[in-house]
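**Q** I would like the atomic coordinates for the input below:
(2 chains)
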Amino acid sequence: MNNAADMPKGRKRLLTRIAWRIKKDAVAWLLLLPFLLMIFFILWKPTVQGITWSLHRMQGYNVGEFAGLENYRVVLGDTQFLGTLINTLEYVFWAIVIGFWLPIVVAILLNELSLGKNFFKFTMYMPSMIPAIAVSMLWYYIFFPNESGLLNMVLGWFGKDPSTWLQNSKMTIPLIIVSNSWKQMGATMLLYLAALQGVNRDLYEAALIDGAGILKRAWKITLPQISGVILINLVRQIIGVFQIMEQPLAMTGGGPNNASMSLGLLGYRYAFQTYQIGSALALNVVMFLMLIVLTAFYFVLQRKVNQDD
Amino acid sequence: MIKETRGKKSKAEENRTSIILDVESRQLKTRIIHGVLMLFFILFSMVFILPILWMLLSGFKGTQEFLQVPPTLLPENIDLSKLSYVWGRGGLGSSYIATLCMVAGEVAFGLFCCGLGGYVLSRLKPKGAAAVLAVVLWSMMMPHNLSLVPLFISFAKEIPLVHTNLMDTYLPMWMMAGSNAFHTLLFKSFFDGISRSYLEAARIDGCSELSIFTKIVMPLSKPVFISVAIFIVTNGWGAFLWPYLLIKEPALQPLGVRVYTLQRDLPVDEYLMMLTFVILPPVIFFIIFQKYIMEGVSLGGIKG
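**A** Numbering: from 1, shown residues only, chains lettered A, B, ... in the order given. Predicted structure coming up:
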């Protein structure tokens, strides 16, 4: 008896529940909307446009008729392309030689200190706070080719002749990487320092009992324990340096004689200096594809390392 | 973080993660190693301080003095009036205001869009939230180099109805701050840790979702808001590429652009003094917020 009377009541409650749920979802979507609009306009729309427009003939900033792979033929056939690609790989190479291992070693050493740790952390992180463009310009003057540049000044104290630094086409890429590493060192080191806090000290004690010296412990325990973070950082640094653009733009403009030209800077030059928009787009798609592979690898790595923890 | 919880213990115990163990700490070998390390770090930190110090001092030299052979280490005389001279000549007053406007807008957009986004994805979870989360993750993965040219074109083109474009405005930079997927995820993971019962209680009291966010979630989440705001300020202060491409009116150009364009107009010593003006605010900012900033870096590295 009662059941029959309750039915409509229950249904009514269900309906109000659904209505409430819809209203709640609508509000939620409304609150999400600003962020969604931003990533649509800033990220997704231009990326899709970049890919489609690269297949069209571009007249200035206007999209012309479909041109297939014409833009790609122009870019890849350009005599500059191969040299620039090699330069970019050279940037990556020097970033690994100079900027990759140093923060690891410094973090491990700093972790041994019990006194002054925070002070050294502070000084080494300081350059990371300076805007990248200001770092580039500061180092431009440190590498100043006559004796008033800081580096030549220091060399002068030891009786060495001044060098031309950035104007020397053999040295320009490593030197740009030096300035870049100077800025990044502190931040990367902090990441390793955080990872070192997770190493179980019992392992060291066990190793000590087995008679392992300090270096052996660092090599056989510390490094393997933080190897996941090291690998992630390596890929991350490669991705970052592969896109290098502002630094050569500010410090050398790509010179001397295109010796420091990177793919990123070539894309910039096509887009904003020689106004070959189609070429700029095609080049950026080529870079994009290479980066996607690296980034996917990075995320797979990261997931794996986080799972192991 | 681990260290902080044990902060009150003795110094020897405090360093829980060093390779050199406590039992070894009294050995002569260990003392030598510690001495050598100390010396190494004093010299090594010079590499980071010296260039900044050199810039500071060189700014006070005259152009003649800067270029003379052999160069001087310290400036011959320190003329403080040069500070105001360079400030005026570099147009730094308007540039500071421009930078502040740009960065303030970026913080507002960044906290508003990403904060709300993170809140919805963490707490409200409407139908389809899982798909949005995937999109956010993909946004973080996506290389940004390809969007450069199309984005520039859309900013330079006239917008229909309004009949103006976004050149010489800070709106593009603000929007970019609002589109940071990494910040949204930071917010989300922080909000995930807030107890549900707070929110339920407010909902029963009849608070709207927006007022729950502003009155309950935000006060509870100060650390993440501060962290993200600090990220945005440090990145925005010296932003170069986009402001350089979009802002052509000299009076509106922020400091990052000035650093690049003034190099042609100023003599070396004045230029270095101007660089000092640009670098000083973030350095002071760092001294004030160093704990937040350095913790934020490790946070970003592990989660990001």
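
**Q** Identify the residues contacting the one residue in the stretch 151-300 of chain B that gets nearest to chain A.
**A** Here the stretch 151-300 of chain B gets closest to chain A at one residue, B:G238, 1.8 Å apart by CB to the nearest CB. The way it works is simple: take the backbone N, C-alpha and C, and place the C-beta from them, glycine included. Neighbour list for B:G238: A:130-134, B:255-256, B:259, B:278, B:282 [criterion: CB atoms under 8 Å, 6 or more residues apart in numbering or on different chains].

**Q** of all those residues, which comes closest to B:Y271?
**A** Distance to B:Y271 across the contacts of B:G238 (CB to CB) is lowest for B:V259, with 8.9 Å.

**Q** Next up, the contacts around the closest one.
**A** A:131, A:133-134, A:137, B:238, B:240, B:274-275, B:278.

**Q** Quick one: which of these has the lowest pLDDT value?
**A** Lowest pLDDT of the contacts of B:V259: B:G238, 88.

**Q** what about that residue, distance to A:M126?
**A** Going from B:G238 to A:M126 by CB to CB, to the nearest Å gives 14 Å.

**Q** Show me the shaky parts of chain A.
**A** By pLDDT under 70, the low-scoring segments of chain A are A:1-8, A:308-309.

**Q** quick check: longest helix of it.
**A** Taking DSSP state H as the criterion, chain A has its longest helix at helix A:2-39.

**Q** Quick check: what element follows that one along the chain?
**A** Using DSSP states H and E, the helix or strand that follows helix A:2-39 in sequence is helix A:45-53.

**Q** For the helix or strand following that following helix, buried residues please.
**A** Counting by DSSP H and E, the next helix or strand C-terminal to helix A:45-53 is strand A:56-59. Buried residues in strand A:56-59, defined by neighbour count with 16 or more other CB atoms under 10 Å in any protein chain shown: A:56-58.

**Q** Spatially central residue in the chain, please.
**A** Picking chain A for this. With distances taken as CA atoms, centre = their mean, the residue of chain A nearest its centroid is A:G240 (2.7 Å).

**Q** was after chain B, sorry
**A** For chain B, the residue nearest the mean C-alpha position is B:T234 (1.9 Å; CA atoms, centre = their mean).

**Q** A:A28 and A:L36: what is the separation?
**A** 12 Å.

**Q** Kindly apply the preceding question to A:H56 instead.
**A** Counting by CB to CB, the separation of A:H56 from A:L36 is 28 Å.

**Q** can you pull the contacts of the residue in chain A positioned nearest to chain B?
**A** Closest approach between chain A and chain B, counting by CB to the nearest CB: A:P131, at 1.8 Å. Residues near A:P131 by CB under 8 Å, 6+ apart: B:237-240, B:255-256, B:259, B:278-279, B:282.

**Q** Next, B:G193: secondary structure please.
**A** When classified by DSSP: H, G, I helix; E, B strand; the rest coil, B:G193 comes out as coil.

**Q** A:A28 and A:L36 - which one has more neighbours?
**A** Shown here are A:A28 and A:L36; by other CB atoms under 10 Å in any protein chain shown, A:A28 has more neighbours (22 against 18).

**Q** per the record, what domains does the chain have?
**A** Unless you meant another one, I'm taking chain A. A:2-53, A:78-308 (automatic domain parsing).

**Q** should've been chain B
**A** B:21-84, B:90-303.

**Q** Ranking those by mean neighbour count, which comes first?
**A** Most buried of the domains of chain B, by mean neighbour count (mean count of other CB atoms under 10 Å in any protein chain shown): domain B:90-303, with a mean of 19.

**Q** Distance from the chain centre to that one, please.
**A** Distance of domain B:90-303 from the chain centroid (CA atoms, centre = their mean, to the nearest Å) equals 9 Å.

**Q** What of stretch B:26-39?
**A** The answer for stretch B:26-39 is 37 Å, by CA atoms, centre = their mean.

**Q** Report the mean confidence score over it.
**A** Averaged over stretch B:26-39, pLDDT sits at 87.

**Q** repeat for stretch B:188-202
**A** The model assigns stretch B:188-202 a mean pLDDT of 85.

**Q** C-alpha coordinates for that stretch, CSV please?
**A** Output of stretch B:188-202 as CSV, limited to C-alpha atoms (Å, rounded to 0.1, in the frame of the first residue of the first chain):
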residue,chain,number,x,y,z
LYS,B,188,44.8,20.0,-8.9
SER,B,189,47.2,17.9,-7.0
PHE,B,190,47.1,20.4,-4.1
PHE,B,191,43.3,20.5,-4.0
ASP,B,192,43.3,16.7,-4.1
GLY,B,193,44.7,16.9,-0.6
ILE,B,194,42.0,19.1,0.9
SER,B,195,39.5,17.2,3.1
ARG,B,196,36.1,16.7,1.5
SER,B,197,34.2,17.4,4.7
TYR,B,198,35.1,21.1,4.6
LEU,B,199,33.5,21.4,1.2
GLU,B,200,30.4,19.3,2.0
ALA,B,201,29.7,21.4,5.1
ALA,B,202,29.8,24.6,3.0
